[in-house]
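> For reference, the sequence and a predicted model appear below.
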Amino acid sequence: MPVRSRPLALAAALLALVTGCSFGLDQPSPETSPGGDPVRSALQDVERFWTQAFPAIADGKPFTPVRGGFYAYTRSNPPPACGDRQSAYEPNAFYCPTDDFIAWDAETLIPQLREDFGPLLVGVVMAHEYGHAVQLRLAQPEQPTVVLEQQADCFAGAWVADVLAGRSTAFRDVQPTQLDNTVGGLLLLRDQPGTPAVAPQAHGNAFDRVRAFQEGVEEGAGRCAGYRADNLPVTEVPFTTEEDAARGGDLPYSRAVSLLSQDAQTYWADTFPDLAGRAWEPLRVAPFETPPACADRQATTDGAFYCPSGDFVAFDNVRLGPELYRRIGDNAVGTLIGNLFARAAQDRRGRTTADRTGQLAVDCLTGSWTHDLLTRDESADLRLSPGDLDEAVAALLVFGRADDQKELTAFDRIAVYRGGVLNGLRACT
């Protein structure tokens, strides 16, 4: 989140970064499949889904399953060659369009994903790769890689919607925590921050790829089939200066807290009259070592709250803020501050923040401030930089995990936050 006088980029996220349709893993682990082979079960279920869904997006044309087969490979048994590309071991999963097959690393990739994020993410990875086979069968006009990758993410989401509807033969009774875990795993698919969307191998940042996945879940395969370069909202941007790229780091923590708090204050002073029909009163921000007294706290997460009776926001400046900064980046701190200001705005306008509707309104209003940061020109004192939106997604996963907040999931919260980011305040009203 660079400042004009001192351009600085945001740090890489807390999760490993990879390129291509693959997941990068540092340490091998033994393959374990106590419940059978989750990959083949998922692939069979994805084929079941496309047999039913494909004709509706292909003018009635029947679906033809992958003809080249499915291949689980290891270091000692590498994948088949794909066209002119010779086989080599990588901890990846991929679709080969030349020979129409899907292959995956059964030694490292699948066991680790299953252990870290659960079997549903394994299914989503396979549904993504099968999505590329669907693209080939649709014979669509040529599109940039970033569009094809996000379309495959969307197709994977459409399959998940079918799973959630109870029609899957491989996955039943999917719980909200599994969706949140899957979104967390999708962060592994993102491009390195600073990758231009027009780069030949660009696949999209986490914000865009999660958006595509959620659109598939919410709107179905027909929405995905319509993805084109001229209608897909892509937020992935390159660094604007060499200094920005070379540092690859955050604003210093205390400076980030100060500048982001000031900017949120300015945003709401400008915006609140349109939202509530009256002026915005300055909101006190109280980073703390010991929580200040407040009888009516409205919590954003453990260690962060808005106090209506005292009309201030506060957050733990010893553990919570620095830990978000260290593990995710300075826009995780920005998302925390933005959520606190949005909570105050929602309360000041006489609306609840306590129930599901109130929390989603807070998240949308947080996104509206991010929209303002995102759409500023390069001369602005404070603006988003590559990686910021991914850090926001990661922060919302921390704030809104389904196992922590039973009524609402991070999956839900990210979706409405995205609406605010892409469409501004009007999305929240």
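Cool, got the structure.

> quick one: least confident helix or strand in the chain?
Sorted by mean pLDDT, DSSP states H and E, the helices and strands of the chain end with helix 242-247, the least confident at a mean of 60.

> for Gln214, helix, strand, or coil?
helix (DSSP: H, G, I helix; E, B strand; the rest coil).

> Pretty sure it sits against Thr409.
No - at 11.4 Å, Gln214 does not count as touching Thr409 under the criterion of C-beta atoms under 8 Å. Where C-beta positions appear, they are placed from N, C-alpha and C, glycine not excepted.

> Centre of the chain to the longest helix seen in the chain, how far?
If you go by DSSP state H, the chain has its longest helix at helix 253-276. Relative to its parent chain, helix 253-276 has a centroid offset of 24 Å by C-alpha atoms, centre = their mean, to the nearest Å.

> List the contacts of that helix.
When contacts are defined by C-beta atoms under 8 Å, 6 or more residues apart in numbering, helix 253-276 is touched by residues 1, 3, 250-251, 278-280, 282-283, 285, 287, 317, 321-322, 325, 330, 333-334, 337-338, 341, 345, 348-350, 368-369, 372-373, 382, 425, 429.

> Just these: which are in strands?
Residues of the contacts of helix 253-276 located in strands (DSSP state E): 285, 287.

> Got phi/psi on Asp59?
Main-chain torsions, Asp59, degrees, to the nearest 10: phi 50, psi 40.

> For Thr357, see how far away Gly185 is.
As judged by C-beta to C-beta, to the nearest Å, Gly185 and Thr357 stand 28 Å apart.

> Sorry, wrong one. I was asking about Pro144.
For Pro144, the distance to Thr357 equals 38 Å [C-beta to C-beta].

> And those two? Which one has more around it.
Applying other C-beta atoms under 10 Å to Pro144 and Thr357 shows that Pro144 carries more neighbours, namely 17 against 12.

> Help me confirm that that one comes into contact with Tyr227.
No - at 10.6 Å, Pro144 does not count as touching Tyr227 under the criterion of C-beta under 8 Å.

> any weak-confidence spans in the chain?
Applying pLDDT under 70 to the chain picks out residues 1-36, 189-204, 236-249, 401-407.

> Run through the strands of the protein in chain order.
70-73, 93-96, 101-105, 284-288, 298-301, 304-307, 312-316.

> can you tell which of these is closest to Ala152?
When the strands of the chain are compared by C-beta to C-beta, strand 93-96 sits nearest Ala152, at 8.6 Å.

> just checking, what packs against that closest one?
Judged by 3 or more C-beta pairs under 8 Å, 6 or more residues apart in numbering; DSSP states H and E, strand 93-96 is in contact with strand 101-105, helix 119-138.

> Alright, I will stop here.
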